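K.L.:
my questions are about this predicted structure, shown below with the sequence.
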Amino acid sequence: MFWLFFYFSLSTNLYLQMRKIFLLSALLIFACSSDDDSNSTAQLFLEKYDGVVWNEDLYDSNPDYSYKIVFTKTPPTVTFNETYMNDMDCYVVPIGSSYTDENGTITTSVVESTEDTIVLDFEEDYLGEIYSYRSTFSV
């Protein structure tokens with residue numbers, strides 16, 4: 001009888017301890033698991049500022065001159081619009097590829113893109129001369 005009581009008591013205690021361990025580990029799994037959707041709502045620069053027109057403010061003192069920049073997500077492009085005395089030049093440059101016109105080729109690549117910053121590398125072959133530069137656009 002004693003042996004049966006000892007076995008029942010031991011197995012009950014073991015069962016209760018295992019149950020506590022199981023519940024504790026289940027609680028830790030749910031408490032420590034990450035929410036994978038937490039960053040899915042963050043937009044990158046091209047998504048957030050798609051179609052926004054940026055006016056260059058360096059030329060506010062000269063009303064005859066304006067310079068505008070527009071980023072487009074689909075297809076990924078950056079448009080440079082320069083106006084002086086009703087004469088307008090407009091360049092649409094694809095981001096992440098090359099563009100060729102009568103003056104040469106412009107190649108762009110994205111160095112960094114966050115929600116409020118995009119960094120682009122430009123390489124221009126302008127009439128046989130190679131120019132490389134990096135531009136940071138930040139809000």
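P.N.:
Structure's in. What do you need? Numbers count the residues shown, from 1 in each chain.

K.L.:
when you work out contacts or count neighbours from here on, use the C-alpha atoms and nothing else.
P.N.:
Will do.

K.L.:
let me see the domain layout of the chain.
P.N.:
Listed domain ranges for the chain are 2-33, 45-138 (source: automatic domain parsing).

K.L.:
and these, which one's lowest on average pLDDT?
P.N.:
Among those, domain 2-33 carries the lowest mean pLDDT, a mean of 44.

K.L.:
which residues of this structure fall in strands?
P.N.:
Shown for the chain, the strands assigned by DSSP state E span residues 53-55, 65-72, 77-84, 87-94, 98-101, 104-113, 117-126, 129-138.

K.L.:
quick one on the thing from earlier: deepest of the domains of the chain, which one?
P.N.:
Comparing the domains of the chain by mean neighbour count (mean count of other Cα atoms under 10 Å), domain 45-138 ranks first with a mean of 15.

K.L.:
so T100 bridges to which residues?
P.N.:
T105 (DSSP bridges).
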